[in-house]
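Asks: fold the following, please.
(chains A and B)
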Amino acid sequence: DGGITQSPKYLFRKEGQNVTLSCEQNLNHDAMYWYRQDPGQGLRLIYYSQIVNDFQKGDIAEGYSVSREKKESFPLTVTSAQKNPTAFYLCASSIRQPPYGYTFGSGTRLTVV
Amino acid sequence: DQQVKQNSPSLSVQEGRISILNCDYTNSMFDYFLWYKKYPAEGPTFLISISSIKDKNEDGRFTVFLNKSAKHLSLHIVPSQPGDSAVYFCAASAKNAGNMLTFGGGTRLMVKP
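Replies: Below is the predicted model:
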């Protein structure tokens, strides 16, 4: 079955440490996205990539970095520069032709301890 | 500037009754609209969509209505079931933005037995 996998499900990080969240898809989708959700809030776009080796900043990219070396993979690094990293992180992918719609992963809950 | 707004953060409905979730948008270039359902600690899942050439789309208990002149769409769930309790996000894509979706802030639906 095709899908999008995020790992780990839960992640704890000490202040000052970088941490990388994994996102892998086998849907053959060109585009991939990272969102952040805070309690009681909507989805905020961190980074997105329309094609391999290319990515763009979203609305809240500060303190985050990404890479897109393979079509299947779009890892997100939460750096120590991110002031409030505790959140629920969602990865999604999509085709680039209509009709548009995202397939989401199951999310990673990151907690800074 | 929020281009897609869900003005009701929460909605409580009795089991068996109709749930109506609303979404307003400002960008007249939006031509495709989607609803996603999200349970806690999970990724959103696609529920139903509608193209701007239609004013209604139905799928089982779920119906989406689009009023282009009012820039308003709504999701009707009839009859509501306790398993429908979740956060619902509306999303829109614009002709000039390709596959990028703009999300509303979400509405938490609680269906009481």
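Asks: and residue A:50, what does it touch?
Replies: By C-beta atoms under 8 Å, 6 or more residues apart in numbering or on different chains, the residues touching residue A:50 are A:30-31, A:56, A:96, B:98-99. All C-beta atoms are positioned from the backbone trio N, CA, C, and that covers glycine.
Asks: which parts of chain A sit against chain B?
Replies: Contacts of chain A with chain B, taken as C-beta under 8 Å from any C-beta of the partner chain, map to A:4, A:6, A:31, A:40-43, A:48, A:50, A:88, A:90, A:92, A:94-107, A:109.
Asks: using ChimeraX, define a selection of the buried residues within those.
Replies: A single ChimeraX command selects the buried members of these (16 or more other C-beta atoms under 10 Å in any protein chain shown):
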select /A:4,6,31,42,43,48,50,88,90,92,94,95,100,101,102,103,104,105,107
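Asks: narrow the residues of chain A next to chain B to those in strands?
Replies: A:4, A:6, A:31, A:43, A:48, A:50, A:88, A:90, A:92, A:94, A:103-104, A:109 (DSSP state E).
Asks: need the max-distance pair from the residues you listed.
Replies: A:50 and A:109 (27.3 Å; C-beta to C-beta).
Asks: list just the nearest of the contacts of residue A:50 to residue B:47.
Replies: So of the contacts of residue A:50, ranked by how close each gets to residue B:47 (C-beta to C-beta), first place is residue B:99, at 18.4 Å.
Asks: give me the neighbour count for the closest one.
Replies: Residue B:99 has 21 neighbours, counted by other C-beta atoms under 10 Å in any protein chain shown.
Asks: and the gap between it and chain A?
Replies: To chain A, residue B:99 is 5 Å away according to C-beta to the nearest C-beta, to the nearest Å.
Asks: need the three-state assignment for that residue.
Replies: Following DSSP: H, G, I helix; E, B strand; the rest coil, residue B:99 is assigned to coil.
Asks: quick revisit: closest to residue A:79 out of the contacts of residue A:50?
Replies: Using C-beta to C-beta, residue A:56 comes nearest to residue A:79 of the contacts of residue A:50, at 17.9 Å.
Asks: quickly list what that closest one is bridged to.
Replies: residue A:48 (DSSP bridges).
Asks: am I right that it is in contact with residue A:45?
Replies: No. Under the criterion of C-beta atoms under 8 Å, residue A:56 is not in contact with residue A:45, lying 9.6 Å apart.
Asks: which sections of chain A are below the confidence cut-off?
Replies: Along chain A, segments meeting pLDDT under 70 span A:1.
Asks: now the spatially most central residue of chain A, nearest residue through space, not along the chain?
Replies: In chain A, the residue lying closest to the centroid (C-alpha atoms, centre = their mean) is residue A:34, at 3.0 Å. What sits nearest to residue A:34 in space, not counting adjacent residues and going by C-beta to C-beta, 6 or more residues apart in numbering or on different chains, is residue A:46, at 4.3 Å.
Asks: I'm done for today, thanks for sticking with me.
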